[in-house]
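>>> Provide a 3D model corresponding to the input given below.
(chains A and B, ligands or ions: 2)
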Protein chains: 2
Amino acid sequence: MSKIPVMEIFGPTIQGEGMVMGRKSMFVRTAGCDYKCSWCDSAFTWDGSEKEKIRMMTPLEVFQKLKELGGNNFNHVTITGGNPALIGEPMKEFIELLHKSNIEVGLETQGSKWQDWFYLVDDLTISPKPPSSGMKPDLELLDDIVLKLFHFKSNFSLKIVVFDDVDFDYAKMLNHRYMKHNIPFFLSVGNSNPGEDGDISSRLLHSLDWLWGKVLDDPDMNNVRPLPQLHALVWSNKRGV
Amino acid sequence: MSKIPVMEIFGPTIQGEGMVMGRKSMFVRTAGCDYKCSWCDSAFTWDGSEKEKIRMMTPLEVFQKLKELGGNNFNHVTITGGNPALIGEPMKEFIELLHKSNIEVGLETQGSKWQDWFYLVDDLTISPKPPSSGMKPDLELLDDIVLKLFHFKSNFSLKIVVFDDVDFDYAKMLNHRYMKHNIPFFLSVGNSNPGEDGDISSRLLHSLDWLWGKVLDDPDMNNVRPLPQLHALVWSNKRGV
Ligand code: SF4
Ligand code: SF4
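Ligands and ions are numbered 1, 2, ... in the order given. Model (predicted):
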């Protein structure tokens, strides 16, 4: 396969989460996922509901679409999904194409599959799914991915979405597992109703207050960084911004 | 002087701003400032209104107070002011004391004065004050500080508070000035009424929406990261949290 299955391309917008929070970025969302998280906010990438919108595009076509939308008004692209790690060689070519234009690349994946092009990503977020998702991440595979990135000195982070106490304990177990490597470790407060209309900021801030309380009470979580989805605070649940 | 003028010590709480946003941290606020910003949210550190609360403390006394308050429930301390860069040798000793206990140190200063101990700080934020503050930063001195930190490969960032279009243009000028060094560059949306009671989150999110719009419209600001003061969103204007 020399093409990328693209669900949507949009931006420029603000990256509202994780290790480059606040950075202006274009977004490329790939289609397809090997998980089926119960609360997936991008289920349209894999559940068939919007399959007529998927475009098979070459790396150059994606690049051209980004330039058409963003012009010179960006120097960072975020690749998300679905799970972009399902894509091999064309993703590597795409990242190299962006680097040739001095555009940095961020990417998020759940850590269920390794790709050698992970080493090329400028800011990589590995986001293992907690129990509330209904998924059971393969932790030995995750160890393998984390240690490879660590030894390569990749600029990467772990990010766990936390909806409830059980998720928090899962995050704590993972934090303990990798603590000696001093890897940036983010918690992201779950958006329990991604379809809700209107201003959801007070509900999300209330959840963040809860998560901050959990972290502040726990001496095993001194290093983690609990953060909101800023775009959801500012723009609520709008898509494509 | 072998003591540190301490205004307040509190925590553990969450660092709501800048380069380590979300990190659990203890706070040490020093007394005294060489600036008088119009909108200073810590004017009590320098305007005499709370001068009876200032304690002259040795580095060891500050350390002991931190341990008394936070126990083992922190591994990061944020030093802020006032302007902590007014303090020389005792600050160096204090940072070394924290490092001996494997506690990381963050520090924020406006960049009006150099100290050799800047090199010891684990995350250093230089925050030159924009026109709305009424201050006129010495840009040659600032260049000197920024270049020293850059050549030492310090983990530091620039952060500009933005209240209005004039502040934004000032941030743009500074971004242009240092762009070739690729220094992390944050914008922080100004809290125009730090004394306001009650829930201020919708006003602050509205201001952030405005700032995001300015950044998104400006191809000269592709690298900057506009962020809120998260603690003000979650906890409004409470002091000591
Ligand atoms: S891994 Fe991500 S895209 Fe896949 S189902 Fe889970 S939340 Fe959705
Ligand atoms: S530099 Fe900081 S502490 Fe000093 S007056 Fe300005 S805002 Fe206040």
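>>> Okay, now the sheet partners of the longest strand along chain A, with direction.
Under DSSP state E, the strand in chain A containing the largest number of residues is strand A:4-14. Using DSSP bridges, strand A:4-14 pairs in its sheet with strand A:24-30 (antiparallel), strand A:55-57 (antiparallel).
>>> chain center to that strand, what's the gap?
13 Å (CA atoms, centre = their mean, to the nearest Å).
>>> For it, buried residues please.
A:4-14 (16 or more other CB atoms under 10 Å in any protein chain shown). For glycine as for every other residue, the C-beta is placed from the backbone atoms N, C-alpha and C.
>>> Can you read off the pLDDT for residue A:237?
We note a pLDDT of 55 for residue A:237 in this prediction.
>>> which residues does residue A:84 contact?
Contact partners of residue A:84, counting by CB atoms under 8 Å, 6 or more residues apart in numbering or on different chains, are A:30, A:91, A:107-109.
>>> Right, and ligand 2 sits closest to which residue of chain A?
Ligand 2 sits closest to residue A:22 of chain A, with a gap of 21.1 Å, by CB to the nearest ligand atom.
>>> ok, how many other residues are close to that residue?
Residue crowding around residue A:22 was assessed by other CB atoms under 10 Å in any protein chain shown; the count is 24.
>>> Can you report phi and psi for it?
phi 100, psi -10 (degrees, to the nearest 10).
>>> From what I see, it and residue B:185 are in contact.
No. With contact defined as CB atoms under 8 Å, residue A:22 does not count as touching residue B:185 (10.0 Å).
>>> what is in contact with those two at once?
Listed contacts common to residue A:22 and residue B:185 are B:224-225; contacts here mean CB under 8 Å, 6+ apart.
>>> what two of the buried residues of strand A:4-14 have the greatest distance between them?
Using CB to CB, those span at most 25.6 Å, a distance reached by A:5 and A:14.
>>> show me the contacts for the spatially closest residue to residue A:184 that is not a sequence neighbour.
Leaving aside its sequence neighbours, residue A:184 sits nearest to residue A:157 (CB to CB, 6 or more residues apart in numbering or on different chains; 4.0 Å). Contacts for residue A:157 (CB under 8 Å, 6+ apart) come out as A:18-19, A:123-126, A:183-186.
>>> Tell me the neighbouring strands of the helix or strand in which residue A:157 is found, and mark each as parallel or antiparallel.
When elements are defined using DSSP states H and E, residue A:157 is found to belong to strand A:156-162. Using DSSP bridges, the strands paired with strand A:156-162 are strand A:123-126 (parallel), strand A:185-189 (parallel).
>>> What number of residues are in the vicinity of residue A:26?
25.
>>> so residue A:146, which of the three states?
helix (DSSP: H, G, I helix; E, B strand; the rest coil).
>>> Now do the same for it: its pLDDT.
Among the per-residue scores, residue A:146 holds a pLDDT of 98.
>>> show me what contacts it?
Under the criterion of CB under 8 Å, 6+ apart, the contact partners of residue A:146 comprise A:111, A:126, A:158, A:178, A:181, A:183.
>>> biggest helix in chain A, by residue count?
Secondary structure of chain A read by DSSP state H shows that its longest helix is helix A:201-216.
>>> what's it packed up against?
Applying 3 or more CB pairs under 8 Å, 6 or more residues apart in numbering or on different chains; DSSP states H and E, one finds that helix A:201-216 contacts helix A:165-178, strand A:185-189, strand A:225-227, helix A:230-235, strand B:4-14, helix B:201-216, helix B:230-235.
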